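Chemist: 3D, please:
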Amino acid sequence: MPPTLPSLPAERPLLDPAAEYRSWITERPLDRIALWGDLTPWLVTRYDDARAVLSDARFSSENVRPGFPGLQPTTPPRTPGQLFAMDPPDHTRLRRMLIPEFTFRRVEQLRPAIGRITAELIDGLEAQGRSADLVEHFTLPLPLLVICELLGVPYSDRQFIHRQAAAFATVSAGPEAMRAGWGALFGYLQELLAAKAVTPSDDLMSRLATERVATGEATAAEAAGLLVQLLIAGHETTAGMLSLGTVALLRHPEQLAALRADDSLVPGAIEELLRYLTIVHVGMRRIATEDVEIAGVTIRAGEGVVVALQAANRDPAAFADPDTLDLTRAADRHLAFGHGLHHCLGQSLARAELQIALPMLFERLPGLKLAKEPEEFAFAGRAVHGVERLPVAW
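Modeler: Numbers count the residues shown, from 1 in each chain. Okay, the predicted model is just below:
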């Protein structure tokens, strides 16, 4: 029987990878793990091996293939347009429709709006007095406001949206809850998409409805599936990074002081925080479609692979002194956004939000401090690491 790691997602400290992963990087860089049933996929922990797997087309993302190392022992929620579970040519066809919406130039045009939203939310924080829950009043609403505005989704539906997104992302809640969360958002966005086809606006959903669905390039169901992914990934991940990025900086005051003293550090500092925290921590899951050699080991066709991004981003062979947060580090080769065909489509938007929001937060609230230990509020069983609440004072 192979050695058993904690069920994915593995339990982990607030700011570090799971302890088991850290030791496996050097001791067992490519080895079997036991999942549910009799599945024993390979766990990849080294940086170079992770890049090799994620860039190799012989590893499929189709989660309906027999033997795929999914998070649950049952069929995952399945609707058209799920880019994360697709291979070319359909993946290429659908992803190409979204690329113009997330180019560097397009995101640069959004920066003033992101800055305005950030400033208004900090105004709201200050109106709370001298303390507040940073998740409720800042780190969650900021990316949700941005993605709703970009997609054309009513922010007034935010409680429903976040509740369903959280249900889908909570692996420990079980497959039925995950399916229900995805399904609720899928139905909701199908209705909005149909309305946009009749009365379009200047937003991504309207462009999908009028330029892609109406022309037959995509079905309405495919477009709705794309929108569900954008809505979930567009706020859950950035909210987690804003929360844990705040904690990391407050717990490394010398790094925070350096950031405050030199604005030119901001872009690189965000890359280092992305590497250091790596909040998407369930692993990138693939299945070999033919025999592939990785790190001198032959992975047979039909065998599953789990790429542990949080381990790869702490690989000492790739990053010197990897467990140290160093905002001057050249960390832009990190894998926090994945790698290869399925690298994060919205990474430029996430970077812009983080580059704007974290510096402004610490500039406007120079006395910001943790009011309670955030470990008390850490997510349990979520695919994306973070905290439910973050009590702060200033």
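
Chemist: which pLDDT value does the model give A19?
Modeler: For A19, the pLDDT comes out at 84.

Chemist: check E120 too.
Modeler: Per-residue pLDDT puts E120 at 98.

Chemist: tell me the SS of it?
Modeler: Recorded secondary structure, E120: helix (DSSP: H, G, I helix; E, B strand; the rest coil).

Chemist: how many neighbours does it have?
Modeler: By other Cβ atoms under 10 Å, the residues close to E120 number 13. Where you see a C-beta, it was placed from the backbone N, CA and C, and this is true even at glycine.

Chemist: how close does it sit to F138?
Modeler: From E120 across to F138, the span is 11 Å (Cβ to Cβ, to the nearest Å).

Chemist: same check, this time on F104
Modeler: In this structure, F104 lies at 26 Å from F138, with Cβ to Cβ as the measure.

Chemist: for these two, indicate the residue with more neighbours.
Modeler: More crowded of F104 and F138, by other Cβ under 10 Å: F138, with 24 against 9.

Chemist: flag every buried residue along the host helix or strand of M241.
Modeler: Element membership of M241, judged by DSSP states H and E, is helix 220-250. Applying a neighbour-count criterion of 16 or more other Cβ atoms under 10 Å, one finds 220, 222-250 buried in helix 220-250.

Chemist: I figured F186 hits V228, correct?
Modeler: Yes: here F186 reaches V228: they are 5.4 Å apart, a contact under Cβ atoms under 8 Å.

Chemist: identify the contacts common to these two.
Modeler: Taking Cβ atoms under 8 Å, 6 or more residues apart in numbering as the criterion, F186 and V228 both touch T79.

Chemist: G367 and L250: what is the separation?
Modeler: G367 sits 11 Å away from L250 when distances are taken as Cβ to Cβ.

Chemist: same check on G304?
Modeler: Counting by Cβ to Cβ, the gap from G304 to L250 is 39 Å.

Chemist: go on, H342?
Modeler: Per Cβ to Cβ, H342 is found 33 Å from L250.

Chemist: what is the mean pLDDT for stretch 262-278?
Modeler: Computed over stretch 262-278, the average pLDDT equals 98.

Chemist: from the chain's centre, how far out does it sit?
Modeler: When C-alpha coordinates are averaged (Cα atoms, centre = their mean, to the nearest Å), stretch 262-278 and its chain have centres 16 Å apart.

Chemist: give me the residues contacting it.
Modeler: 15, 17, 241, 244-245, 248-249, 255, 258-259, 309-310, 313-314, 319, 325-332, 334-337, 351, 354-355, 358-359, 385.

Chemist: mark which of the residues you listed are part of helices, please.
Modeler: Mapping these onto helices (DSSP state H) picks out 241, 244-245, 248-249, 255, 258-259, 309-310, 351, 354-355, 358-359.

Chemist: pick the one among the residues you listed closest to I25.
Modeler: Checking these against I25 by Cβ to Cβ gives Q310 as the nearest, at 10.4 Å.

Chemist: you'd agree that closest one is up against A19?
Modeler: No: with contact defined as Cβ under 8 Å, Q310 does not reach A19; the gap is 11.3 Å.

Chemist: give the residues shared as contacts by those two.
Modeler: In contact with both Q310 and A19: R12, using Cβ under 8 Å, 6+ apart.

Chemist: which one's more surrounded, the two?
Modeler: Q310 (27 against 13).

Chemist: got a list of what that one touches?
Modeler: R12, P17, A18, Y21, T278, H281.

Chemist: how close does it sit to V384?
Modeler: Distance of Q310 to V384, given as Cβ to Cβ: 12 Å.

Chemist: identify the contacts common to those two.
Modeler: Joint contacts of Q310 and V384 (Cβ under 8 Å, 6+ apart) are H281.

Chemist: hey, where'd the helices end up in this protein?
Modeler: Per DSSP H, the chain carries helices over the ranges 19-27, 47-54, 90-98, 104-127, 134, 141-151, 158-169, 175-198, 204-207, 220-250, 253-261, 266-277, 309-312, 347-364.

Chemist: so which of the ones you listed gets nearest G296?
Modeler: helix 47-54 (10.1 Å).

Chemist: give me the below-cutoff pLDDT ranges for the chain.
Modeler: 1-10, 73-77 (pLDDT under 70).

Chemist: can you tell me the centre-most residue of it?
Modeler: The centre of the chain sits closest to T237, judged by Cα atoms, centre = their mean, with a distance of 4.0 Å.

Chemist: that residue contacts L244, correct?
Modeler: No: using Cβ under 8 Å, T237 is not in contact with L244, being 10.9 Å away.

Chemist: got any residues that touch both of these two?
Modeler: I279.

Chemist: show me what contacts the residue nearest to the centre of the chain?
Modeler: The contact partners of T237, by Cβ under 8 Å, 6+ apart, come to P143, I279, V280, A350, V384.

Chemist: which one of those has the most neighbours?
Modeler: Within these, neighbour counts (other Cβ under 10 Å) peak at P143, which reaches 27 neighbours.

Chemist: go ahead and confirm that one touches H235.
Modeler: Yes: contact between P143 and H235 holds when scored by Cβ under 8 Å: they sit 4.2 Å apart.

Chemist: relative to L309, how far out is H343?
Modeler: H343 sits 11 Å away from L309, going by Cβ to Cβ.

Chemist: between these two, which one's more packed in?
Modeler: L309 (28 against 12).

Chemist: the more buried one: what's it in contact with?
Modeler: Shown in contact with L309 (Cβ under 8 Å, 6+ apart): A50, T278, V280, H281, G283, M284, L335, A336, G338.

Chemist: nearest residue to the second one in space, please, no chain neighbours.
Modeler: Meaning T278. Leaving aside its sequence neighbours, T278 sits nearest to Q310 (Cβ to Cβ, 6 or more residues apart in numbering; 4.2 Å).
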